[in-house]
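Sequence plus the predicted model coming up.
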Amino acid sequence: MVSRFIFSLAIMVIAATPAMAATAPHIDGAALGLIWALPFAGILLSIAILPLVAPSFWHHNFGKISAAWSLAFLIPITIQAGVGVALYELLHVLLLDYIPFIILLLALFTVAGGVKIGGTLAGTPTVNLTLLLFGTLLAGFMGTTGAAMLMVRPLLSANHRRKHKVHIFVFFIFLVANIGGGLTPLGDPPLFLGFLKGVEFFWFTEHMILPMLFAIALVGSAFFIVDSYYYRRESDYVRTHEPKRESLHIQGFLNIVLLAGVVGAVLMSGVWKPGIAFTLYHVPIEGQGLARDAILLLITFLSVRLTRQQIRHDNEYSWGPIVEVAKLFAGIFITIIPAIAILRAGASGSLAGLVALANPGGVPSDPVYFWLTGILSSFLDNAPTFLVFFNLAGGDAQHLMGPMASTLLAISAGAVFMGANTYIGNAPNFMVKAVVEHRGVHMPSFFGYMAWSCAVLIPTFLLMTLLFF
């Protein structure tokens, strides 16, 4: 349905192009009421609530739901502002944000699914902490989803004999599926969106490293204490009997090389400026972005063709998760258009109260940005939440990296780290839960998980606020 609507818009605009002005038509955020943000709120609430209350309905209809919320914005804006404005805003968000975003996730997801770590480890507190820390480091380079899917199975195997192990995977979500993503734009979708908006690749590494190490130290220490306590409660057989030894090994090593290619492609697009560009209905498309996306698609193709299928089978790899992400984020990126326009209107827009709260007296409050971004990232998806507050802070990457660097850090840290507060804060959280439960480990309920996060993460974030914001 959405594709037909987009196609119709394209035909209409192609016919009208010669008569259109050179300046880009766009939405005036100051003229929009909050009702225009309802589709955005609706799709986020659907993602947060429906998988919990109606999982079967959601599983079979999430694409239709995403399309319905998209049309709930596209049709009214076309009627009110005209075809030209609607098509420009649609092409702008799809070509510059959504398509590069999905291509990167597809490449990381495919490459990570082609790597398998085999071998035997004993699930002692030291071994478990080592696996968690290694996975946390990997997350910065292969994405939280890729690192989580790669490392969760060795951790399950190492602890298969243990009775008390639920907490291990709760902390795994904290560290590998969330906190580790703060190192580079490859680590977590919010940072890649920041990169697409003009934030330098290594800006995140330089500014996020200290808060990230602080969080890893506190959460890692808490894990070692908790795991040591539960390990002492295991039977003598578990603690003293050595499992059958099988040396550690990596299968699908080619994908490690391809992962380096992913890193290189993203870095290339940030430093190489060929000066080649073309415009598609007022939307400028630069050569470095096209080259990056072409390389990432080639890497994806090579990974699929050259990786032994047995490896993906052993990893229980399927296209389902990336298809779901692609469909849902199409709706998110489309419906967020009016919300961003309103935020860009600042004090003249319908969200002037939020602007005033985050910028009291016209001066950004870093703690407020950190906690507002973090709280919304806990219950909504952290990628669109990052975009909302990035634009609330002005949306100018150069200014945010300069005089407002601490504010950009607060937004980035809130989006990445606090996605761990609930199962729905970051996509890998539910994926880890599903994989672990499939292997017979009964994970906490939604609120049971939040009890863990409130006990471990909230004190960490409070201390982080005092030290860094």
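In hand now; what should we look at?

number of nearby residues for the residue nearest to residue 284 when sequence neighbours are not counted?
Spatial nearest neighbour of residue 284, chain neighbours left out: residue 277 (5.5 Å); criterion: Cβ to Cβ, 6 or more residues apart in numbering. From N, CA and C alone the C-beta is placed, and that goes for glycine too. Residues lying near residue 277 (other Cβ atoms under 10 Å) number 12.

what bridges to residue 277?
Applying DSSP bridges to residue 277 gives these bridge partners: residue 286.

Quick check: it vs residue 315, distance?
Shown here: residue 277 relative to residue 315, a distance of 39 Å by Cβ to Cβ, to the nearest Å.

Strands of this structure, residue ranges please.
Listed in chain order, the strands of the chain (DSSP state E) span 116-118, 249-251, 277-280, 283-286.

wait, which of the ones you listed is closest to residue 102?
strand 283-286 (15.9 Å; Cβ to Cβ).

so who does residue 280 touch?
Taking Cβ atoms under 8 Å, 6 or more residues apart in numbering, we find residue 280 in contact with 91, 95.

no, scratch that, I was asking about residue 193
Listed by Cβ under 8 Å, 6+ apart, the contact set of residue 193 reads 97, 101, 383, 386, 387, 390.

And for the fifth one, nearest residue in space, chain neighbours not counted?
Which is residue 387. The shortest distance from residue 387 to any non-neighbouring residue, by Cβ to Cβ, 6+ apart, is to residue 193 (5.8 Å).

cool, the last one as well?
Of all residues not flanking residue 390 in the chain, residue 411 sits nearest, at 6.0 Å (Cβ to Cβ, 6+ apart).

Tell me, how many residues neighbour the one you found?
By the criterion of other Cβ under 10 Å, residue 411 has 31 neighbours.

Okay, helices next: where are they in the stretch 101-250 of the chain?
Secondary structure of the stretch 101-250 of the chain (DSSP state H, counting those that start in this stretch): helices at 125-158, 166-175, 189-196, 201-232, 236-240.

low-scoring stretches of the stretch 51-200 of the chain, by residue?
For the stretch 51-200 of the chain, the stretches flagged by pLDDT under 70 are 119-120.

can you tell me the average pLDDT over stretch 315-328?
Throughout stretch 315-328, pLDDT has a mean value of 81.

Need the residues that contact that stretch.
The set of residues external to stretch 315-328 that reach it, using Cβ under 8 Å, 6+ apart, is 43, 47, 62-63, 66, 102, 105-106, 109-110, 113-114, 116, 145, 149, 153, 427, 431, 435, 438.

and the gap between residue 448 and residue 127?
Using Cβ to Cβ, residue 448 is found at 26 Å from residue 127.

more crowded one of those two?
A side-by-side neighbour count of residue 448 and residue 127, using other Cβ under 10 Å, places residue 127 first with 16 against 11.

Show the contacting residues for the closest residue to that one other than its chain neighbours.
Using Cβ to Cβ, 6+ apart and skipping residues adjacent in sequence, the residue nearest residue 127 is residue 121, 5.3 Å away. Residues in contact with residue 121, defined by Cβ under 8 Å, 6+ apart, are 127, 131, 154, 157, 158, 248.

just the buried members of the residues you listed?
127, 131, 154, 157, 158 (16 or more other Cβ atoms under 10 Å).

wait, doesn't the third one sit right on residue 117?
Yep, that's residue 154 we're talking about. Yes. Between residue 154 and residue 117 a contact is recorded at 4.8 Å, counting by Cβ atoms under 8 Å.

circling back: show me how to select, in ChimeraX, the buried members of the contacts of stretch 315-328.
Selection command for ChimeraX covering only the buried members of the contacts of stretch 315-328, criterion 16+ other Cβ under 10 Å:
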select :43,47,62,63,66,102,105,106,109,110,113,114,116,145,149,153,427,431,435
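
what two of the contacts of residue 193 are the furthest from one another?
Largest separation among the contacts of residue 193 by Cβ to Cβ: 101 and 390, giving 13.9 Å.

higher neighbour count, those two?
A direct count of neighbours by other Cβ under 10 Å for residue 101 and residue 390 places residue 390 higher, at 27 against 19.

Does that one touch residue 191 like I think?
No. Counting by Cβ under 8 Å, residue 390 does not reach residue 191; the two are 10.7 Å apart.

re the thing from before, got a list of what the residue nearest to residue 284 touches?
By Cβ under 8 Å, 6+ apart, the contact list for residue 277 reads 284, 285, 286, 287.

Would you mind listing which of those residues are buried?
Among the contacts of residue 277, those buried by neighbour count (16+ other Cβ under 10 Å) are residue 286.

most centrally placed residue in this structure?
A centroid search over the chain (Cα atoms, centre = their mean) returns residue 189, at 3.3 Å, as the residue closest to the centre.

got a pLDDT number for the nearest residue to it once chain neighbours are set aside?
Distance criterion Cβ to Cβ, 6+ apart; nearest residue to residue 189, sequence neighbours excluded, is residue 383 at 4.0 Å. Here, the pLDDT recorded for residue 383 equals 78.

Distance of residue 438 relative to residue 344?
Distance, residue 438 to residue 344, using Cβ to Cβ: 44 Å.

Local confidence estimate at residue 351?
pLDDT, residue 351: 77.

give the contact list for the closest residue to it other than its chain neighbours.
Nearest residue to residue 351, sequence neighbours excluded (Cβ to Cβ, 6+ apart): residue 342, at 5.2 Å. Contacts for residue 342 (Cβ under 8 Å, 6+ apart) come out as 29, 32, 34, 36, 37, 349, 350, 351.

And for residue 312?
Applying Cβ under 8 Å, 6+ apart, we find residue 312 in contact with 113, 114.

Great, nothing more from me.
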